[in-house]
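Trainee: what's the 3D shape of this:
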Amino acid sequence: MNKVLLIITVLFCQMTFSQTKTPNTLYKKAHQYITHGAYNKSINLLEKAIELDSLGNCGTGVNGIAHNELGYAYLRIQKYELSRAFFDKSISLNPKNPDPRMSKVTSYILEKNLTKAKIELDIFIEELPGYPFAYWQRGNILELEGKMKEALIDYRKAILYNNNLNILPKPIVEKINSKIKAIDSKNLNAVKRN
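Mentor: Okay, here's the model as predicted:
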């Protein structure tokens, strides 16, 4: 009886240990760490998950998701160049996923490299047109560059595409609408003066 109980215990421990090493389990734990701001802890787990699942879907059905999460963890600890390498890999594995593209843009914005951010947004919009966040971000950059007409076009596209997808948070929609009104008001005043 004791021998059977010992064998069952050993088998259970082996099964439990092997389950903690699956790409899905590693990914889920890493995602929890990211959710709680423990980015350094998530990095090791995500690297192991990707080592076991080179497509990086880790049981989610979304290729490149682990690469995107790893890029995000590096982004949050301000290792921007390294983060972009993982965003690029995520994009190559799943070109239709907008998340790594937006995160890559964010990495350039955080480095205050608006030129590269705008180039990435141009590529993003060309390859995945209709994503409201991309138009909103590019509109912000164009506005900072003083290109008000182009910014206005992108802000309006952000609202138009968001009407179909409804993914922009309400405060962002309100901010975009406010910017549209402000630019329209400046344009109207300029026409009145002429």
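Trainee: just give the nearest non-adjacent residue to the residue nearest the centre of the chain, would you?
Mentor: By Cα atoms, centre = their mean, the mean C-alpha position of the chain lies nearest to residue 99, the distance being 3.2 Å. The shortest distance from residue 99 to any non-neighbouring residue, by Cβ to Cβ, 6 or more residues apart in numbering, is to residue 68 (5.6 Å). Using the backbone N, CA and C atoms, a C-beta is placed for each residue, glycine as well.
Trainee: need the CA coordinates for the strand or helix carrying that neighbour. PDB is fine.
Mentor: Secondary structure assignment for residue 68, by DSSP states H and E: helix 65-76. The C-alpha atoms that make up helix 65-76 are tabulated as PDB, following Å, rounded to 0.1, in the frame of the first residue of the first chain:
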ATOM      1  CA  ILE A  65       1.500  37.400 -28.400                       C
ATOM      2  CA  ALA A  66       4.300  36.300 -26.100                       C
ATOM      3  CA  HIS A  67       6.800  38.300 -28.200                       C
ATOM      4  CA  ASN A  68       4.500  41.400 -27.800                       C
ATOM      5  CA  GLU A  69       4.300  40.900 -24.100                       C
ATOM      6  CA  LEU A  70       8.000  40.500 -23.800                       C
ATOM      7  CA  GLY A  71       8.500  43.700 -25.800                       C
ATOM      8  CA  TYR A  72       6.000  45.500 -23.600                       C
ATOM      9  CA  ALA A  73       7.900  44.300 -20.400                       C
ATOM     10  CA  TYR A  74      11.200  45.700 -21.900                       C
ATOM     11  CA  LEU A  75       9.300  48.900 -22.900                       C
ATOM     12  CA  ARG A  76       8.200  49.400 -19.300                       C
END
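Trainee: quick check: next helix or strand after it?
Mentor: Following helix 65-76 in sequence order, the next helix or strand is helix 80-93 (DSSP H and E).
Trainee: fine by me, we can end here.
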